[in-house]
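> Pasting the sequence and the predicted model now:
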Amino acid sequence: MKKKRLGIIGGGQLAMMLADAGRSMKYSVTVLSETEKEPAISHADNFAIGRFSEESSFLNLFSKCDVIAFESEFSNTAALKKVADKFPHIVGLHLSALDHLADKLRQKQFLVELGIPTAAYSVMSGNPGTWLRDLKNHYPQGCMLKWAKGGYDGKGNFLWRYQPDLQDKALDFVSRALDKNISIYAEELVVFEKELAVVTARSVSGESLSYPTMITVQGDGICLEALGPAVSLGLPSKCADRAEAIAKEIGNKVGLYGVFAVEFFYTPSGDVLVNEIAPRVHNSGHFSLGAAEVSQFTAHWLCLLGEPLPPWGCKSYVGMLNALGPANIQGEVTPLLYNSAGIVSYWYEKRESRPGRKMGHMVIFANSQTEFDLKWAEARSVLKEWHTSSSS
């Protein structure tokens, strides 16, 4: 039987790691990228350049592939649907799920329909200035303003606590979305003890497995750290079980295939509330490279190909540190390539660093809490030194 050809829509670091996984499985990989500067191109067997909004770009890619994976949920699903009709043999598209979850407002509505706990929200209506002021009546402690589309890594979010000096910035945030015909909604601020993430793999064969629930640490809307398994670090096992069950329910109900992530708030009362859903491989699963027997990237292809999902076999204690672009640098930086026993670094080969841009990550793992704490401190020290040397 002819071996299937893999395709990836996207050329960034997620696509790069998907390409590496596909090629390690001895499959041919083609990447569709919008520019020739993206890191995934040099990791694929073939590449195509084209806009993700144009049917011609997808036609070019689909003609070369049997299985398609997405790096991002922000592709033009209307154009994809038209092209997909011409290639009925291609698997992995789950376009209805992608279309549903690419819009965060539709995510919220979907969660409410399923009765899955999530933060209260209000959709913008009427005059933007009046709406912003009236939110105080609903959410006295403040709220998070969110764009329904186009937001990631803190972009498309605005913390609104009704400060008069931020009124103009809040109005500008709303206006920019409306200019792009993007819906705006406000989400009640949740008092939480921890943020959690569950990365789940759901196969076209119906099989489903989750990686251990992880604790994530955010800064300015960007994931800085992920540690786990969360139950090894004090999270009650019933809460982890609940989060993993919710993630599987979401995958089943919306029809997701492949690896996807669900982010949660863990509240002081012991509840888990869904924050957001990412219908793709995810930053919180990067620890699986090096700390698990099967990475999330390999698992993604296994799901789309309908092959059996083996046990993940994670280390007893795992962590991930993101290497973000230093605050005062825009341009090339020295790669962070530090490896030692229990620490593995991955560099994304981006040509330009920008403040807060994800440039790489470090995976830390150990079989005991004491050993992990030592390795974690070592990795953080290396990361700090890299930031300092890059900025000097």
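Ah, there it is.

> any idea how this protein splits into domains?
Domain segmentation of the chain under automatic domain parsing yields 5-93, 120-188, 194-391.

> Over the last one, what's the mean pLDDT, rounded is fine.
I take that to be domain 194-391. Domain 194-391 shows a mean pLDDT of 94.

> Using PDB, write out every CA atom in stretch 183-198.
C-alpha atoms of stretch 183-198 as PDB (Å, rounded to 0.1, in the frame of the first residue of the first chain):
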ATOM      1  CA  SER A 183     -17.200  40.400  17.600                       C
ATOM      2  CA  ILE A 184     -16.300  41.600  21.100                       C
ATOM      3  CA  TYR A 185     -17.300  40.100  24.400                       C
ATOM      4  CA  ALA A 186     -16.500  40.600  28.100                       C
ATOM      5  CA  GLU A 187     -15.600  37.700  30.300                       C
ATOM      6  CA  GLU A 188     -15.900  37.900  34.100                       C
ATOM      7  CA  LEU A 189     -12.600  37.800  35.900                       C
ATOM      8  CA  VAL A 190     -12.200  34.400  37.700                       C
ATOM      9  CA  VAL A 191     -10.500  34.100  41.100                       C
ATOM     10  CA  PHE A 192      -8.300  31.100  40.600                       C
ATOM     11  CA  GLU A 193      -5.600  29.200  42.400                       C
ATOM     12  CA  LYS A 194      -4.000  27.700  39.400                       C
ATOM     13  CA  GLU A 195      -4.300  27.600  35.600                       C
ATOM     14  CA  LEU A 196      -4.400  24.100  34.100                       C
ATOM     15  CA  ALA A 197      -4.100  22.600  30.700                       C
ATOM     16  CA  VAL A 198      -5.100  19.200  29.400                       C
END
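
> Distance from the chain centre to that stretch, please.
Mean-position distance between stretch 183-198 and its chain equals 15 Å (CA atoms, centre = their mean, to the nearest Å).

> How about it, which residues are buried there?
183-190, 192, 194-198 (16 or more other CB atoms under 10 Å). Every C-beta, even on glycine, is put in place using the N, C-alpha and C of the backbone.

> The residues you listed in strands, which ones?
Ile184, Tyr185, Ala186, Glu187, Glu188, Lys194, Glu195, Leu196, Ala197, Val198 (DSSP state E).

> Can you show me the strands along the stretch 151-300 of the chain?
157-160, 184-188, 194-202, 208-210, 214-219, 222-228, 258-266, 272-278 (DSSP state E, counting those that start in this stretch).

> Quick one: end-to-end distance for stretch 32-42.
12 Å (CA to CA, to the nearest Å).

> How about it, which residues are buried there?
Using 16+ other CB under 10 Å as the test for burial, stretch 32-42 gives Leu32, Ser33, Glu38, Pro39, Ala40, Ile41.

> could you give the mean pLDDT of it?
When pLDDT is averaged over stretch 32-42, the result is 95.

> Of all the domains of the chain, which one is nearest Leu101?
domain 194-391 (4.5 Å; CB to CB).

> Now Lys358. Nearest residue, chain neighbours left out?
Take Lys358 and drop its neighbours on the chain: the residue closest to it by CB to CB, 6 or more residues apart in numbering is Asn322, 5.8 Å away.

> Pro311: what's it in contact with?
The contact partners of Pro311, by CB atoms under 8 Å, 6 or more residues apart in numbering, come to Leu209, Glu293, Val294.

> which one of these sits closest to Val382?
Looking across those and measuring by CB to CB, the closest to Val382 is Glu293, at 25.3 Å.

> who's in contact with the nearest residue to the closest one once chain neighbours are set aside?
Using CB to CB, 6+ apart and skipping the chain neighbours, the partner closest in space to Glu293 is Gly313 (3.5 Å). Gly313 makes contact with Ala292, Glu293, Val294 under the criterion CB under 8 Å, 6+ apart.

> now swap in Asn275 and tell me
With CB under 8 Å, 6+ apart, Asn275 has these contacts: Thr118, Ala119, Val190, Glu195, Glu263, Phe264, Phe265.

> Could you list the buried residues of the helix ranked longest in the chain?
Of all the segments assigned as helix in the chain under DSSP state H, the longest by residue count is helix 369-391. Across helix 369-391, burial judged by 16+ other CB under 10 Å covers Phe372, Lys375, Trp376, Glu378, Ala379, Val382, Leu383, Trp386, His387, Ser390.

> what does stretch 353-366 give?
Using 16+ other CB under 10 Å as the test for burial, stretch 353-366 gives Ser353, Gly356, Arg357, Lys358, Met359, Gly360, His361, Met362, Val363, Ile364, Phe365, Ala366.

> Over to stretch 296-309?
Gln296, Phe297, Thr298, Ala299, His300, Trp301, Leu302, Cys303, Leu304, Leu305, Leu309.

> sorry, back to before: distance to Leu111 for the domains of the chain - can I get that in CSV?
What follows is the domains of the chain, written out as CSV (distance: least, CB to CB, whole Å):
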stretch, distance to Leu111
domain 5-93, 16
domain 120-188, 10
domain 194-391, 6
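
> Of all the ones you listed, which one is nearest Gln107?
Proximity to Gln107 (CB to CB) singles out domain 194-391 among the domains of the chain, at 5.5 Å.
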